[in-house]
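**Q** this is the structure alone, sequence omitted:
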């Protein structure tokens with residue numbers, strides 16, 4: 001295209017998908033062209049680890065995209081939880097059969113291969129129907145770069161949403177660094193992915209540094225933290241019935257994989273109840289996951305059935321109801337690279353955090369909870385009991401955490417950077433807060 005044909009309001013050439021008829025004819029002005037492009041902007045999303053309806057980060061992103069006026073197509077495993085998106089004109093669900101729960105590295109390889117195949121089929125069909133302006137890859141796994149290259153060559157902008165790092169995630173699941181060959185392969189996949197991406201969004205500074213090391217352009221990596229929607233957390237109402245007769249309530253919330261170390265939650269509960277004699281404290285474990293059945297058995301073996309309650313999966317507002325009722329929120333992850341979403345949810349609900357002292361945990365929770373040396377479950381139990389016995393300090397820490405979420409970590413504060421990353425490159429979208437009540441300072 002000759003330079004004289006370009007308009008300042010158009011995206012850079014690699015992302016351009018062609019002008020509309022009225023634009024070619026010169027029949028509409030720049031503002032109307034931007035509005036038309038915004039309405040017709042098409043974002044295709046691929047998510048593998050969980051279904052779209054379960055993925056809390058993706059649910060917030062879909063809300064942002066549709067509020068901005070974009071069309072959204074989502075390649076995802078089939079799940080009843082996706083029903084919230086069925087029948088909506090602005091959202092196309094491209095579902096495939098849910099893979100079996102993997103057992104070991106070979107099981108994950110089969111799952112990723114099957115998911116890659118379905119993504120290839122769905123994206124090919126989607127592209128045959130019309131253009132894709134942006135391809136968003138929710139990662140890990142870092143396996144979709146061949147499809148990203150094909151769509152990039154067809155004019156799509158590639159945005160990677162990197163939530164975890166595969167080498168570190170695998171190490172945390174299997175008690176140590178993965179075999180050298182596997183570690184090298186995973187890092188090779190990281191590099192391939194960063195080379196195809198126009199832009200990467202990630203959840204904290206640790207991941208940002210690692211992705212730059214993997215070849216990402218530092219100017220094209222944005223940190224978009226995964227905090228709660230503040231307006232929805234603010235609507236939560238306490239319910240004393242959730243205490244189940246206990247004077248104090250401690251909550252843990254999240255998906256239960258080996259890397260989440262929920263077994264340590266039970267060991268902390270065992271020390272609090274049996275070693276320290278605090279039979280007035282109950283523990284609510286909110287969520288589900290592959291380790292749930294083993295954790296139920298562990299609780300019974302430790303004699304904790306009277307004090308530990310497993311809720312299974314809960315809708316967001318029920319999770320928030322537990323958190324605003326509770327006295328403390330507990331996190332027992334040992335993953336140094338992770339910014340725990342649960343900690344941000346605790347803080348958003350005014351709940352002090354008790355956790356291990358890890359770099360990214362400290363970055364978001366310092367001054368809003370109690371941190372103890374990593375892996376010291378006895379110290380964690382003692383810090384928990386000390387806070388239960390100090391309501392004034394609990395109130396101070398809870399207030400500090402709520403303010404930090406409101407002013408910095410909430411999705412309302414983070415989402416404008418995300419919308420800029422996936423929106424038209426000419427800046428024709430002015431990100432708004434689509435989730436309800438504006439956040440005040």
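**A** Right, received. Where do you want to start? Remember, it's a predicted structure, so these values are computed and weren't measured experimentally.
**Q** in this structure, where's the longest helix?
**A** As assigned by DSSP state H, the longest helix anywhere in the chain is helix 104-129.
**Q** got the buried residues for that helix?
**A** Across helix 104-129, burial judged by 16 or more other Cβ atoms under 10 Å covers 108, 111-112, 114-116, 118-119, 122-123, 126-127. The way it works is simple: take the backbone N, C-alpha and C, and place the C-beta from them, glycine included.
**Q** which of these scores worst on pLDDT?
**A** Among the buried residues of helix 104-129, residue 108 has the lowest pLDDT, at 83.
**Q** and the closest residue in space to that one that isn't next to it in sequence, which helix or strand is it part of?
**A** Counting by Cβ to Cβ, 6 or more residues apart in numbering, residue 102 is the residue found nearest to residue 108 once chain neighbours are left out, at 4.5 Å. Using DSSP states H and E, no element contains residue 102; it sits outside every helix and strand.
**Q** would you enumerate the residues in contact with residue 102?
**A** 108, 110-111 (Cβ atoms under 8 Å, 6 or more residues apart in numbering).
**Q** same deal with residue 320?
**A** For residue 320, the contacting residues are 228, 232-233, 235-236, 345, 349, by Cβ under 8 Å, 6+ apart.
**Q** now, these that are in helices?
**A** Members of those lying in helices (criterion: DSSP H): 232-233, 345.
**Q** okay, those residues in CSV with neighbour count next?
**A** Below are these laid out as CSV (neighbours: other Cβ atoms under 10 Å):
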residue, neighbour count
232, 18
233, 27
345, 27
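**Q** for residue 63, see how far away residue 131 is.
**A** Per Cβ to Cβ, to the nearest Å, residue 131 is found 23 Å from residue 63.
**Q** what mean pLDDT does stretch 93-101 get?
**A** The average pLDDT within stretch 93-101 is 90.
**Q** just want the most central residue of the chain.
**A** Central residue of the chain (Cα atoms, centre = their mean): residue 57, 3.8 Å from the mean position.
**Q** before we move on, back to that, quick one: the contacts of residue 102 as a markdown table, columns for distance to residue 219 too.
**A** Converted to a markdown table, the contacts of residue 102 look like this (distance: Cβ to Cβ, whole Å):
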| residue | distance to residue 219 |
| --- | --- |
| 108 | 33 |
| 110 | 38 |
| 111 | 34 |
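**Q** and which of these is nearest to residue 330?
**A** Nearest to residue 330 among the contacts of residue 102, counting by Cβ to Cβ, is residue 108 at 28.5 Å.
**Q** what about that closest one, distance to residue 62?
**A** Per Cβ to Cβ, residue 108 is found 26 Å from residue 62.
**Q** then residue 406?
**A** Residue 406 is 23 Å from residue 62, by Cβ to Cβ.
**Q** neighbour count for the two, which is higher?
**A** Per other Cβ atoms under 10 Å, whichever of residue 406 and residue 62 has more neighbours is residue 62, with 23 against 20.
**Q** surely the more buried one meets residue 85?
**A** Yes: judged on Cβ atoms under 8 Å, residue 62 makes contact with residue 85 at a distance of 7.3 Å.
**Q** intersection of neighbour lists for those two?
**A** Listed contacts common to residue 62 and residue 85 are 52, 74, 91; contacts here mean Cβ under 8 Å, 6+ apart.
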